[in-house]
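Engineer: coordinates only, sequence not included:
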């Protein structure tokens with residue numbers, strides 16, 4: 001089954017603000033920009049010194065949503081904007097209600113122009129390595145994300161009553177006629193910017209603070225987040241006036257009334273305009289506050305509940321069931337014997353009067369030769385109305401990374417349903433999982449890296465004595481899996497996408513190898529949002545685009561924010577589970593024998609060619625072969641594990657590809673040496689059987 005890797009315009013809008021221009025776009029834009037004399041459209045300025053290098057940086061439209069137009073000069077006609085348009089200094093941009101455009105100026109300046117806005121790119125110059133831009137905002141709202149690259153930045157946003165100056169951070173400016181101009185920092189604002197008002201007062205914004213002329217002190221503006229377009233007719237041309245007057249917005253009269261509206265309706269209007277592009281949901285760890293968030297750090301509280309939870313929630317997901325939106329959350333409780341008993345609870349977030357109710361608890365069981373299976377869930381996700389949980393390790397299995405499906409419906413009070421094992425990944429999971437909306441789950445984890453140490457030391461460069469396996473670290477892996485058919489759809493490792501590129505935005509020298517724990521994870525607008533803790537116990541938020549080409553201009557690690565005041569709140573996050581997803585891929589039946597030496601669910605797992613080429617499949621199988629080897633140290637020393645890479649391609653897209661590859665590996669070793677250290681002890685004991693292991 002072919003999967004659609006394309007993204008909708010809305011998805012591009014959500015992601016494009018976080019990535020730099022592609023190399024081709026920059027080259028094309030630069031070629032167009034060089035044809036323009038900046039002085040013809042920029043404000044008059046003192047002639048520069050002869051030795052000052054001046055050039056026009058590219059200005060490119062990244063994405064458009066809704067009704068947006070632009071024109072190169074006041075004498076020109078308005079033309080519809082589209083992604084890829086190349087603009088010049090002097091260009092004016094106009095957006096109508098529920099419309100957004102994102103543009104990029106130069107290498108590190110991204111601007112998101114929101115609803116009912118008029119913006120003029122008054123200046124765009126690269127002066128001796130500094131990219132200088134000035135945007136004039138008569139009315140509307142602009143968010144900026146300015147990142148230092150090979151160039152420094154000098155950015156100004158000019159409103160009728162204020163000028164905002166920034167050199168490298170994120171925030172925005174909101175100009176509503178009849179109200180004080182409001183400047184605000186984004187959640188990921190780790191720097192500062194100044195706002196000079198026309199009354200001579202200067203406000204300084206750090207973090208996600210706000211400032212305006214009446215209240216220049218950001219500390220006094222913490223709770224002033226609501227804005228309302230009062231519809232000043234003088235600030236719009238006739239076409240925009242007609243549009244505003246005819247647009248329903250569920251309250252058409254409000255947009256042109258001078259009287260204060262009902263506060264609840266005012267809040268609803270303001271909130272619908274505070275989120276950009278794709279969104280996801282978060283829940284605090286006691287299940288009290290449900291928040292909707294976008295990829296730019298904006299957040300809106302949607303519901304508040306009386307919490308029935310006694311401890312931290314370990315996962316949440318929202319499932320669309322007809323007209324209802326059911327929020328499920330999981331908590332690990334403990335029985336009188338000290339055993340973990342996860343409890344699943346639900347609330348209908350489409351009903352403001354709905355309250356939390358218990359759905360099911362998962363008692364220990366079933367019993368295996370190693371004892372009772374004890375459940376301790378780390379994450380919860382859903383798609384197509386099906387619930388899946390992640391458990392890092394199970395006490396009755398030596399293979400980590402279990403994905404269970406939770407039965408939904410038909411619960412009987414006092415009866416504990418049994419989670420159904422769907423996958424055993426064979427890696428140490430980090431505690432996060434997110435549904436991708438296409439019938440797959442994203443799961444980050446690690447496998448150990450090993451080296452040999454010898455008890456006899458080293459003589460003349462040669463080691464002597466008995467070898468011992470010593471773990472030297474871990475290798476990160478991100479898997480995209482389909483639990484319906486036990487299949488690895490795709491995978492990423494440090495060598496093919498988990499390493500930040502020069503185009504990765506944010507702060508901190510982050511490496512996925514530093515990620516020790518994932519506290520929450522979501523998938524929104526084609527972007528994974530991963531929150532966690534590093535080895536230095538620093539909070540980190542990562543935005544990751546699996547579909548990116550992973551070049552410097554299109555990195556998969558889109559943005560990293562580590563530490564600082566961007567906030568590390570205790571919450572679980574998850575997107576709404578997709579109601580309709582593609583069917584599971586049809587896998588080919590096995591063509592060879594399947595090893596019984598490995599965990600049977602792991603052995604039954606299949607994989608795609610793309611996942612194998614990432615190196616992750618070989619890393620997983622290599623670790624499991626070592627785990628069951630009769631002598632792991634001598635196995636590693638033998639070099640036989642290198643043969644796995646040449647065996648795995650023969651079983652792409654087959655059921656039980658892992659088990660078949662392991663069986664072929666074992667059979668070849670038996671022929672060489674029936675007591676080879678990589679063989680499991682059960683295989684060595686049965687070496688008299690020519691077809692063992694089966």
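Structural biologist: Here it is on my side, so go on. The model shown is predicted, which means the values in this text are computed figures rather than measured ones. Numbering: from 1, shown residues only.
Engineer: break down the protein into its helices, ranges please.
Structural biologist: 9-16, 23-33, 238-246, 263-272, 600-603, 609-613, 616-628, 632-638, 644-647, 657-672, 681-685 (DSSP state H).
Engineer: quick check: angle from the longest one to helix 616-628?
Structural biologist: Here helix 657-672 points in a direction 50 degrees away from that of helix 616-628 (axes from the mean of the first three to the mean of the last three C-alpha atoms, to 10 degrees).
Engineer: which residues does helix 657-672 contact?
Structural biologist: 426, 590-595, 597-598, 602-607, 617, 620-621, 624-625, 640, 643-644, 647-648, 650-651, 654, 676, 678-680, 683, 687, 692-693 (C-beta atoms under 8 Å, 6 or more residues apart in numbering). Any C-beta I mention is one placed from the backbone N, CA and C, and that applies to glycine too.
Engineer: could you rerun that using 7 Å?
Structural biologist: Residues from elsewhere that reach helix 657-672 (C-beta atoms under 7 Å, 6 or more residues apart in numbering): 590, 592-595, 597-598, 602-607, 621, 625, 640, 643-644, 647-648, 651, 654, 676, 678-679, 683, 687, 693.
Engineer: sort out for me which of those are in strands.
Structural biologist: 606, 607 (DSSP state E).
Engineer: thought residue 643 was touching residue 622, still the case?
Structural biologist: No. Here residue 622 lies out of contact with residue 643, judged by C-beta atoms under 7 Å, at a distance of 10.3 Å.
Engineer: more neighbours, the two?
Structural biologist: residue 622 (19 against 14; other C-beta atoms under 10 Å).
Engineer: for the residue lying closest to residue 675 once chain neighbours are set aside, give me its contacts.
Structural biologist: For residue 675, ignoring the flanking residues on the chain, the nearest one in space by C-beta to C-beta, 6 or more residues apart in numbering is residue 684 at 5.5 Å. For residue 684, the contacting residues are 630, 674, 675, by C-beta under 7 Å, 6+ apart.
Engineer: now residue 684: how far from residue 678?
Structural biologist: 10 Å (C-beta to C-beta, to the nearest Å).
Engineer: with residue 290 instead?
Structural biologist: For residue 290, the distance to residue 678 - C-beta to C-beta - is 51 Å.
Engineer: what do you get for residue 62?
Structural biologist: 51 Å.
Engineer: likewise residue 554?
Structural biologist: Counting by C-beta to C-beta, the gap from residue 554 to residue 678 is 40 Å.
Engineer: look at those two and report which has more neighbours.
Structural biologist: Higher neighbour count among residue 554 and residue 678: residue 678, with 24 against 18, using other C-beta under 10 Å.
Engineer: my read is that the more buried one contacts residue 640, right?
Structural biologist: Yes. Residue 678 is within contact range of residue 640, at 5.1 Å (criterion: C-beta under 7 Å).
Engineer: hang on, residue 399 packs against residue 603?
Structural biologist: No. Counting by C-beta under 7 Å, residue 399 sits too far from residue 603 to count as a contact (9.7 Å).
Engineer: which one's more surrounded, these two?
Structural biologist: Using other C-beta under 10 Å, the more surrounded residue of residue 399 and residue 603 is residue 603, with 25 against 22.
Engineer: please tell me the pLDDT value assigned to the closest residue to that one other than its chain neighbours.
Structural biologist: Closest residue to residue 603 apart from its sequence neighbours, by C-beta to C-beta, 6+ apart: residue 659 at 3.0 Å. pLDDT for residue 659: 97.
Engineer: for residue 307, what are phi and psi?
Structural biologist: Backbone torsions for residue 307, taken as degrees, to the nearest 10, come to phi -90, psi 130.
Engineer: quick one: it from residue 324, how far?
Structural biologist: Taken as C-beta to C-beta, the span from residue 307 to residue 324 is 21 Å.
Engineer: tell me what the residue nearest to residue 637 when sequence neighbours are not counted is bridged to.
Structural biologist: In this structure, residue 637 finds its nearest non-sequential neighbour in residue 467, 5.5 Å apart by C-beta to C-beta, 6+ apart. Beta-bridge pairing for residue 467 (DSSP bridges): residue 454.
Engineer: just the one 10 residues further on next, same as before
Structural biologist: With beta bridges defined as DSSP bridges, residue 477 has these partners: residue 445, residue 493.
Engineer: relative to residue 495, how far out is residue 57?
Structural biologist: Taken as C-beta to C-beta, the span from residue 57 to residue 495 is 33 Å.
Engineer: the more surrounded of the two?
Structural biologist: residue 57 (24 against 11).
Engineer: which residues does the more buried one contact?
Structural biologist: Residue 57 is in contact with 33, 105, 106, 124, 126, 131, counting by C-beta under 7 Å, 6+ apart.
Engineer: residues near residue 206, how many?
Structural biologist: The burial count for residue 206: 15, using other C-beta under 10 Å.
Engineer: ok, residue 335 next?
Structural biologist: Counted with other C-beta under 10 Å, residue 335 comes out at 11.
Engineer: check whether it really touches residue 342, as I assumed.
Structural biologist: No. Counting by C-beta under 7 Å, residue 335 stays clear of residue 342, with 11.2 Å between them.
Engineer: now do the shared contacts for the two.
Structural biologist: By C-beta under 7 Å, 6+ apart, no residue touches both residue 335 and residue 342.
Engineer: quick one: contacts for residue 349?
Structural biologist: Taking C-beta under 7 Å, 6+ apart as the test, what residue 349 contacts is 290, 302, 303, 318, 325, 327.
Engineer: give me the buried subset of the residues you listed.
Structural biologist: Neighbour-count burial within these applies to 290, 303, 318, 325, 327; the criterion is 16 or more other C-beta atoms under 10 Å.
Engineer: now the fourth one: how far from residue 434?
Structural biologist: Residue 325 sits 18 Å away from residue 434 when distances are taken as C-beta to C-beta.
Engineer: ditto for residue 676
Structural biologist: Taking C-beta to C-beta, one finds residue 676 at 41 Å from residue 434.
Engineer: ok, the two, which is more surrounded?
Structural biologist: Neighbour count, other C-beta under 10 Å: between residue 676 and residue 434, residue 434 has more, with 26 against 22.
Engineer: next one: that one from residue 343, what distance?
Structural biologist: 22 Å.
Engineer: quick one: least confident helix or strand in the protein?
Structural biologist: Least confident helix or strand, the chain: helix 238-246 with a mean of 27, by mean pLDDT, DSSP states H and E.
Engineer: report the beta-bridge partners for residue 471.
Structural biologist: residue 450.
Engineer: so it is in contact with residue 448, correct?
Structural biologist: Yes. With contact defined as C-beta under 7 Å, residue 471 counts as touching residue 448 (4.7 Å).
Engineer: can you report how many residues neighbour residue 446?
Structural biologist: Neighbours around residue 446, by other C-beta under 10 Å: 20.
Engineer: that one contacts residue 427, doesn't it?
Structural biologist: Yes. At 6.4 Å, residue 446 counts as touching residue 427 under the criterion of C-beta under 7 Å.
Engineer: next, show the common contact partners of the two.
Structural biologist: residue 477.
Engineer: okay, now the nearest residue to residue 649 once chain neighbours are set aside: neighbour count?
Structural biologist: Excluding the flanking residues, the one nearest residue 649 by C-beta to C-beta, 6+ apart is residue 612, at 6.7 Å. Applying other C-beta under 10 Å, we find 22 residues neighbouring residue 612.
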